[in-house]
Each structure stands twice: as structure tokens, then as C-alpha cells.
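>>> Fold the following, please.
(one chain, ligands or ions: 1)
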Amino acid sequence: MGSGASVSEEPRPERPDDGETKPEDARLSTPAGRSDDTLQVEEVLRSGSADVKTTKPDGCTVDIQSVQSEEENNAYSSGNQEHTLQPVLNPAVTETVPEGEEVSLDFESFLHNNGTLYSCFSHHGNRVYVDESQNLQLFPKEWYNQGCFITTNNEGSGQLQTVATSQSTVREDDRTGSIYIQGKGTVMTYMFQERVNICRFWDPQSGVWLLLPLQWEMDGEFAKVRVQRVMSALPGLVDQKEITAALRQCNYDPDEVISVYLTIALLERDRVIEELRHKLQTKEKEVDNLFQRNSYLAREVRYLTDIVQHLNQKLAELEADQQEAREKIRSLLNRRAPAVPPAKTITKPAVDPSQLRQVSRLTRELNISNKQLRSTVHQALADVKNQLEQFKDTIGKLAQVEQEATKEVEELRSLYRKEAVERKSLYNKVLELQGNIRVFCRCRKSLANSCLEKTNDQEVVVIQKGNRKKFQFDKVYPPSSTQEDVFTGTLPVITSCVDGYNVCILAYGQTGSGKTYTMMGSKENPGVNIRSIRELLRICAEKEKVSYTLKISMLEIYNDTLNDLLAKSPSASLDIRVQGKSVSVPGLTQVQVQTEADILNVMEMGEKNRKIASTKMNIQSSRSHLVVALEVEGSDEVSGLTSRGTLTLCDLAGSERISKTEAEGQRLVEAAAINKSLTALGQVFGALKCNALHIPFRNSKLTHLLQPCLSGDAKCCVFVNVSPDINDVVETLSTLQFGSTIRQVSLGKATQNIVPAKNNKTVK
Ligand SMILES: Nc1ncnc2c1ncn2[C@@H]1O[C@H](COP(=O)(O)OP(=O)(O)OP(=O)(O)O)[C@@H](O)[C@H]1O
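Residues are numbered from 1 along each chain as shown. Sure, this is the predicted structure:
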């Protein structure tokens with residue numbers, strides 16, 4: 001605190017000293033709403049100082065003479081001076097300062113228990129304050145028991161300091177603020193750094209720090225700026241209260257809030273997509289049912305038409321029978337009544353009367369049954385016709401329903417496609433927000449004493465001679481992590497390759513720290529290389545409307561020369577060619593892969609040709625950097641576009657201390673080349689971190705080759721592999737430091753490589 005600070009014994013806001021001193025300007029404001037320091041300076045001038053320079057709370061100096069000349073014609077000159085100063089000021093305050101002498105004034109703020117914040121300063125041993133009417137008053141003694149001081153610190157940074165008690169000093173920093181609350185006046189706020197930051201305000205009545213209600217917090221500048229930032233990034237969000245609450249949850253990090261909202265939107269999309277998929281399935285089932293019902297009804301109609309035909313046929317037969325029977329009766333009757341013989345001749349009837357009666361009875365019965373049959377047939381016909389009509393109606397309705405359902409299915413499909421596209425874009429936005437470089441730390445297993453402690457999923461602590469150094473990464477994988485766990489971390493980035501992005505995965509670390517294990521793995525437990533290519537093959541096979549070609553190449557950089565690992569016969573070392581933004585290796589063998597077996601064969605072949613040797617630190621140490629590149633070219637049948645993405649998988653040779661590995665001869669030459677190229681890689685990341693105009697990509701073959709993966713339009717994952725062994729603590733620290741540097745690098749926005757389709761050869 002400055003020279004004019006005094007210490008009071010009263011109760012005052014106490015705040016945990018979190019040990020962080022941030023050299024940022026304090027945001028303390030006064031109820032007067034006017035720059036108090038200027039006011040005080042004016043008053044000092046009125047009290048007679050000729051040429052005084054004061055130090056403002058933010059550390060800058062004010063030339064009092066210029067202030068004086070500006071103010072000479074204002075209210076002060078109308079006589080206010082006497083009214084303000086004379087009754088209260090000690091003669092020392094009004095003392096004239098010799099011309100040219102610089103006087104430094106230290107400002108303090110006094111927070112009165114009634115909630116008012118006063119600006120004070122000491123001058124020649126007297127503490128004065130600016131009252132509500134902007135007049136300078138002598139600081140009343142009794143106030144020492146009625147509030148607390150917040151004073152400027154002139155030393156160096158210009159931070160504000162609150163003097164709490166004679167025992168404890170709590171600093172002002174960017175966590176301090178003030179807020180005007182109706183009925184309460186201006187209260188002081190402080191962002192407490194607990195598990196998540198919590199903004200509290202000092203309640204003079206109760207003498208404790210209380211949680212700042214959300215409604216009040218929204219009025220504070222600190223929250224307002226962040227809420228605005230979130231609202232401008234996500235224009236759909238309008239509820240400021242909700243955003244403020246979200247900010248609270250996310251430690252007031254607007255990027256995290258945006259990311260959370262985008263993730264929620266993503267989940268919501270997933271839910272909508274799932275719902276739509278479900279609806280689509282239900283509708284498709286309904287359409288299937290309708291089809292089945294339709295064909296069943298069509299069969300029924302055919303069956304009933306057959307019955308009607310059959311009945312008509314029977315009716316015709318019966319009518320023919322009836323006709324025949326009539327003919328018979330007529331002929332019988334004709335026989336029974338022959339031509340009348342001449343009179344008086346009595347002849348016996350030609351037919352037996354009983355026979356006649358029988359015929360007549362038969363005829364009657366036949367007529368009756370004929371009538372019954374007719375009415376039955378008519379009835380059946382009418383029923384069938386009715387049923388047919390009903391069926392026709394139903395079929396008409398079914399056709400309509402089917403049409404509607406098909407339309408609905410089409411709408412659902414297009415909605416589904418739209419949602420899927422939006423989901424993809426949201427997904428990419430989330431990845432962008434998370435950064436295009438992601439750094440993971442993987443600790444290998446070790447039986448020795450460990451120098452590492454994983455405090456949470458994103459933090460690892462190195463303990464060296466009792467000192468603890470924290471490192472933050474996107475994810476920390478402890479020794480117990482499986483190959484699957486580690487691969488899962490890279491999955492979101494890998495899948496972008498199919499959409500035409502350049503993706504790169506690097507493993508960096510001390511020799512023997514598990515880089516090859518992470519990247520290549522073993523046959524039974526493959527690493528990132530095989531898992532990622534397998535995943536890409538799976539995704540490509542899933543996309544029905546896009547045909548993909550996957551080509552793989554493998555090279556090693558040994559003693560700063562490039563060797564083709566897939567060449568059938570040993571070839572001369574390769575060169576790097578740069579064309580515009582792209583970097584290629586002319587003559588490098590590329591093999592097309594379609595199945596997992598192809599990948600395994602290619603990898604096995606490449607591995608055989610690698611330079612591996614035994615070092616003191618690792619029996620099978622890679623003496624070269626391995627670069628596996630997979631080119632994924634997709635040709636979309638629907639849009640006619642072609643996307644080209646590259647997945648570069650790089651297992652770097654281990655950094656090593658030559659004294660420790662005791663390398664000699666050829667091993668020494670190799671170690672020197674390895675260290676040189678890794679240093680060049682470090683320089684590239686260092687230059688990227690500070691956005692240097694020149695990035696020294698050409699300092700080594702390694703960085704030259706990796707240029708497209710480390711510049712503007714790529715997505716990159718870096719594994720920093722470390723050994724927890726206490727004997728490796730120096731290397732572990734250096735590796736983690738390297739990872740931290742990379743984490744601060746931000747590549748530009750990743751871009752898709754999409755071009756109109758040509759005639760492509762495809763694997764599908
Ligand atoms: N997480 C792990 N789980 C089990 N074994 C591991 C793990 N990490 C490394 N190893 C084993 O430790 C040994 C050294 O690992 P690896 O060869 O992967 O190291 P490296 O960093 O590639 O070394 P170099 O740079 O010398 O090639 C290997 O036998 C490997 O199987």
C-alpha cells in the first residue's frame with residue numbers, strides 16, 4: 001500500500017488471499033459517479049498547490065497544473081472553495097507546494113458500513129475524504145470503527161489493495177468490483193475463487209460476504225460484458241438471466257458457456273434426429289402395414305369376384321334347368337290334352353292321373369325352390385356388391401393414407417438430412433471452440449517411484465524435490481488407461497478426415513516413454529494408427545452415397561533423410577516438394593487399402609524396414625521418426641463434389657539425453673539428428689505460439705514435411721508421452737513443458753478440401 005495508507009482495527013470485508021496477484025486495473029467505482037481522484041486533485045489545487053502531480057489509483061500521473069487551468073473558471077472560482085475547505089482542513093492540507101516539485105498522492109477508498117464508498121487520501125499527515133457533495137472533508141476519527149479502507153498501491157503495477165486488518169492484507173484485483181443496489185447503495189463485490197468462482201458482495205450490516213443475487217449480478221459490468229459476448233456468438237439466446245447463471249457455472253468463461261450451449265444444441269439435435277428416425281421407422285412400418293392390408297383387400301376382392309362369377313354361373317345353370325323343366329311340363333301337358341277326338345268317342349286318358357299329380361307337385365316344388373334359389377342368389381349378389389363397394393371405398397382411403405404417409409416419410413427424410421447437416425456443422429463448431437490443436441498427456445506404466453500425480457482428468461502434477469509443478473492438458477491418461485481409452489480421445493478429430501480435413505496425430509516424448517506403444521501398439525492391442533484407419537474404413541463403408549478411395553504411404557526420417565518404407569526395392573532417399581500450400585514427396589509409394597487385412601499387411605511391411613536399435617533406455621528404440629499418411633478421397637454421388645482429407649500419423653523418435661543413454665558411434669549420430677529435428681519442432685511450435693511472421697518449417701525435414709499439418713487449415717492431436725519414473729523427472733518436466741507450449745498454439749480455422757468431382761477411381 002502507498003505511503004498514505006493507514007491501518008484500522010475495525011471489522012472489514014475479509015477475503016481469502018488466493019495468492020494470485022493480477023496486474024489488471026481495478027474496477028472500483030464510487031457512488032458519486034465521477035472520477036474521485038480528479039476531484040481530490042482539484043481540491044488540493046484549491047487549497048493552494050501550484051504545480052502538483054498526483055498518482056491516480058490506476059497508476060498514471062495527473063498533471064495538476066493543467067487540471068487547475070481547466071477548472072479555474074468553474075464553480076470553484078465562484079466561492080465554493082471557502083465553503084468546502086475552510087471549516088475542515090488542517091492548514092497542512094492547504095500548504096503551498098513549491099513550483100516544479102512533484103507531490104505524489106496516494107488514494108484510498110473507504111467503504112463505510114452504511115454502504116457508501118468514499119475516496120480519501122492523506123496529505124501532510126492528514127487523511128481527508130470527498131463527501132457526497134464532492135467536497136473535501138477531514139476524515140472523522142469515529143469512522144475508523146465504521147468501515148474499512150481500500151487503498152491504492154503505487155508500487156509498480158498500480159494495483160489496488162484493501163487493508164483489512166493490521167494482521168491480514170487482502171489485495172484488490174480484477175475480481176473486485178462494486179455494484180449499485182437500490183436501497184443499499186454501492187456495495188463492494190468480490191469474485192471468490194472457490195471450486196467455481198463465486199461473486200459475493202460485502203454486506204456492511206451483517207459484516208459478511210454474501211452471495212450476490214443473480215439479478216444484481218446481471219447489472220454488474222463484469223457479467224454484462226460476458227453475457228453480451230455469449231449473446232453475440234449465439235444470437236438465438238435472449239435470456240440474460242439464464243446466460244448469467246450459465247456463466248456462473250462455467251467460471252465466467254464465455255467460451256465455455258458458448259461451447260456448453262453448442263453441445264446442448266448438439267445433444268438436442270441428436271435427440272431430434274433420434275425422434276425423427278423413430279418417427280420415420282414408425283411411418284415406414286405404417287406404410288408397410290398399409291401395403292399389406294391393401295394387398296390383402298385386393299385378394300379378398302378377387303376372391304369375392306370369383307364367388308360372384310361362380311354364383312352367376314350357377315344361376316344360369318338353374319335357369320337353364322328351370323327352362324328345361326318347363327319344357328318337360330309343357331310337353332307332358334300337351335300329351336295329357338291331345339287333340340279332341342270326334343264326339344261321342346270316349347277314350348281313356350293317355351296319362352295316369354297319379355302321374356300327373358306327381359308331376360304337378362314336382363313342378364310346384366321346383367318353382368318354389370327356384371324362387372328361393374333366385375332370392376338367395378340375388379341376396380348374395382347384393383351382399384357381394386355391397387362388400388365390393390365397401391372395399392373400393394377402403395382401398396381409396398388406403399391409397400390416400402398411403403400417399404400422405406409417403407409424403408410424410410419424404411418430409412421426415414429431408415428434415416432428418418437437414419438435422420444431420422446442422423449437427424455436423426455444430427459438431428465442427430464445438431471442435432473449433434475446443435481448438436484445432438489438442439494435447440493429450442499419457443503416462444506409461446512404471447514400477448519405480450512415481451514423480452507424477454494426476455489431480456483431475458486434465459491436470460498432472462510433477463513432484464521434484466518437494467516442488468510441485470502443475471500442467472494442464474486436454475486430457476491426461478494415467479498408466480491404467482487402455483489403448484481404447486486413448487484412441488477415443490482422438491476419435492472426433494479423426495472422423496473429420498472423411499469430411500475433407502487435414503488431420504495429424506503426433507506422439508512426442510522421451511525415449512522409452514511409450515510413443516510407439518501409443519501409436520502402433522502391439523498385434524493383440526493395436527494403437528492409434530491401426531484403430532484410426534480401421535475407424536475410417538468403417539465410416540467410409542457406412543456412407544452409401546459417397547465412394548471413397550483410401551491410399552496409405554509410410555516413410556521414416558532417419559538422420560534427416562527420408563526413406564520410403566513401402567518401396568518394393570531399396571530406393572534412393574526422397575525429397576520434399578512444395579507446391580503452393582501443399583507439400584509432397586515425389587516417388588513415395590502409395591498403397592490402396594480396402595480392408596483391415598490390407599492395413600495390417602502394409603503396416604507389417606513398413607515396420608520391417610524401420611531403423612530400430614537397442615539403447616540403454618529402450619531395448620527396441622525407434623531411431624527415426626515414422627510418418628504414416630493416409631489419403632482419403634470421397635466422391636459424393638448426390639452433390640458431385642470430391643473431398644480430400646489426409647490423416648498423418650507420426651511416431652517421433654525419442655528425445656534423449658546422450659549422457660543418460662550413453663550413446664556412442666552410430667547411435668550418437670542418430671541421437672544428434674533426432675535431437676536436432678525435435679529442437680526444430682519445438683522452434684516451430686514456439687513460433688506458432690507467438691504468431692511469429694516467420695515459422696521456421698524448413699529447419700528440418702521433419703518440420704518441413706509436417707508443415708501442412710501444423711499450419712492454418714489442419715486439425716492436430718499431440719500425445720506427450722511421459723514416464724512417471726522418478727529417475728526420468730527431468731525429461732518428464734521438459735516433455736510436459738513442450739506439451740504446454742503446444743497447447744497455447746492456436747491454428748487457424750480448419751478448412752475442408754472440397755473440389756468438384758473428376759473421374760475418380762473408387763474402392764466401392
Ligand atoms: N502404457 C503402456 N502399457 C504397457 N506397456 C507400455 C506402455 N507404454 C510403453 N510400454 C512398453 O514400454 C516399452 C517402451 O515403449 P515404446 O517403445 O513405445 O517407447 P518409445 O517412446 O516409442 O521409445 P523410443 O522413442 O525409444 O522408440 C515397450 O516395451 C512398450 O511395450
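>>> Report the closest residue of the stretch 501-650 of the chain relative to the ligand.
residue 514 (2.8 Å; Cβ to the nearest ligand atom). Heads up, the C-betas are built off the backbone N, CA and C, glycines and all.
>>> doesn't residue 720 make contact with that residue?
No - using Cβ atoms under 8 Å as the test, residue 514 is too far from residue 720 to be in contact (10.6 Å).
>>> who has more neighbours, the two?
Higher neighbour count among residue 514 and residue 720: residue 720, with 29 against 24, using other Cβ atoms under 10 Å.
>>> so which strand or helix has residue 299?
helix 254-336 (DSSP states H and E).
>>> re the thing from before, residues that sit against both of residue 514 and residue 720, list them.
Both residue 514 and residue 720 are in contact with residue 442, where contact means Cβ atoms under 8 Å, 6 or more residues apart in numbering.
>>> Residue 648 pairs with what?
Using DSSP bridges, the bridge partners assigned to residue 648 are residue 504, residue 629.
>>> which stretches of the stretch 651-764 of the chain have low pLDDT?
When residues are selected by pLDDT under 70, those of the stretch 651-764 of the chain lie in 656-667, 712-713, 746-764.
>>> Mean confidence (pLDDT) on the helix holding residue 299, please.
Average pLDDT, helix 254-336: 83.
>>> Show me what the helix or strand where residue 381 lies is packed against.
Following DSSP H and E, one finds residue 381 within helix 353-434. Using 3 or more Cβ pairs under 8 Å, 6 or more residues apart in numbering; DSSP states H and E as the contact test, the elements touching helix 353-434 are helix 254-336, helix 483-496.
>>> that older thread, got the contact list for the closest residue to the residue of the stretch 501-650 of the chain closest to the ligand other than its chain neighbours?
Distances taken as Cβ to Cβ, 6 or more residues apart in numbering put residue 444 closest to residue 514, at 3.8 Å, once the chain neighbours are dropped. Residue 444 is in contact with 479, 513-514, 517, 721-724, counting by Cβ under 8 Å, 6+ apart.
>>> out of the residues you listed, which are inside strands?
In strands, defined here by DSSP state E, the members of these are 721-722.
>>> and the contacts of residue 444, which are buried?
Buried members of these, counted by 16 or more other Cβ atoms under 10 Å: 513-514, 517, 721-724.
>>> would JSON lines of those with distance to residue 259 be doable?
Output for the buried ones among the contacts of residue 444, formatted as JSON lines (distance: Cβ to Cβ, whole Å):
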{"residue": "513", "distance to residue 259": "31"}
{"residue": "514", "distance to residue 259": "30"}
{"residue": "517", "distance to residue 259": "32"}
{"residue": "721", "distance to residue 259": "28"}
{"residue": "722", "distance to residue 259": "28"}
{"residue": "723", "distance to residue 259": "33"}
{"residue": "724", "distance to residue 259": "31"}
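>>> Of these, which is the nearest to residue 292?
Lowest distance from residue 292 to the buried ones among the contacts of residue 444 (Cβ to Cβ) belongs to residue 517, with 56.6 Å.
>>> Okay, now the unreliable bits of the stretch 301-450 of the chain?
Short version for the stretch 301-450 of the chain, where the test is pLDDT under 70: 336-351, 424, 427-435.
>>> tell me the most buried of the helices and strands packed on helix 353-434?
helix 483-496 (a mean of 18; mean count of other Cβ atoms under 10 Å).
>>> Return the alpha-carbon coordinates of that helix using CSV.
Taking C-alpha atoms only, helix 483-496 is exported to CSV below (Å, rounded to 0.1, in the frame of the first residue of the first chain):
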residue,chain,number,x,y,z
GLN,A,483,-5.4,-48.3,-25.9
GLU,A,484,-9.1,-48.0,-26.5
ASP,A,485,-9.4,-45.1,-24.0
VAL,A,486,-6.5,-43.3,-25.6
PHE,A,487,-7.9,-43.8,-29.1
THR,A,488,-11.3,-42.5,-28.1
GLY,A,489,-9.8,-39.1,-27.3
THR,A,490,-8.6,-38.7,-30.9
LEU,A,491,-11.8,-40.0,-32.5
PRO,A,492,-13.6,-36.7,-33.0
VAL,A,493,-10.7,-35.3,-34.9
ILE,A,494,-10.0,-38.4,-36.9
THR,A,495,-13.5,-38.6,-38.3
SER,A,496,-13.1,-35.0,-39.7
